[in-house]
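Undergrad: Sequence first, predicted coordinates after that:
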Amino acid sequence: MVGVRTRRTVVLGLLGLALVAGCTPDRNHADAQVGQVTVVAKDFKVSATSDHWPVGDVRVVFHNLGPDTHELLMFAATDRAAALPLRPDGVTVDEDSARMHAVIDEKGTPAGASQTVTVHLAPGHYVILCNMSGHYMAGMRQDVTVG
């Protein structure tokens, strides 16, 4: 649900910018200003094409190569080395913690499926992960720097 809302916000923001500039939206021009990163989940590892992402609008293409259902979550992080808060089960990240600020929340992508979401990123540190039961603790995490 967050991903859908994020895509609408980006589209409405781009339309607003075009109207303020006194021109009509140009799809090719708008697409040219959006960076793109690919994230792959496979065998309990999540990896992005780069750990340095551009500031601004970024199209994130998520491919789940299996073998299980995975999700793509992205949180703003205050410190790359800081441990994320865990739920009482001790194996999943507490997504509702006051320390967590969700940027991407794409849940339950089946093996073999892909999803695309466009987000607006400010400079800083972030972490991408899968939070299915035990997946984060098994190593499905990557730190990302934006900027």
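TA: Yep, it's here.

Undergrad: Tell me how far stretch 106-113 lies from the chain's centre.
TA: Put simply, stretch 106-113 sits 14 Å off its chain's centre (Cα atoms, centre = their mean, to the nearest Å).

Undergrad: buried residues in it?
TA: The neighbour-count check on stretch 106-113 (16 or more other Cβ atoms under 10 Å) flags Glu106, Lys107, Thr109 as buried. All C-beta spots, glycine's among them, are computed from the backbone N, C-alpha and C.

Undergrad: Identify the residues contacting the one helix or strand Val40 maps to?
TA: Under the criterion of DSSP states H and E, Val40 resides in strand 35-42. Contact with strand 35-42 is made by 46-50, 53-54, 56-66, 70, 72, 109, 128, 130, 140, as judged by Cβ atoms under 8 Å, 6 or more residues apart in numbering.

Undergrad: mind redoing it with 6 Å?
TA: Residues outside strand 35-42 that contact it (Cβ atoms under 6 Å, 6 or more residues apart in numbering): 47-49, 53-54, 58-65, 70, 130.

Undergrad: For Tyr136, list the residues it contacts.
TA: Val93, Leu129.
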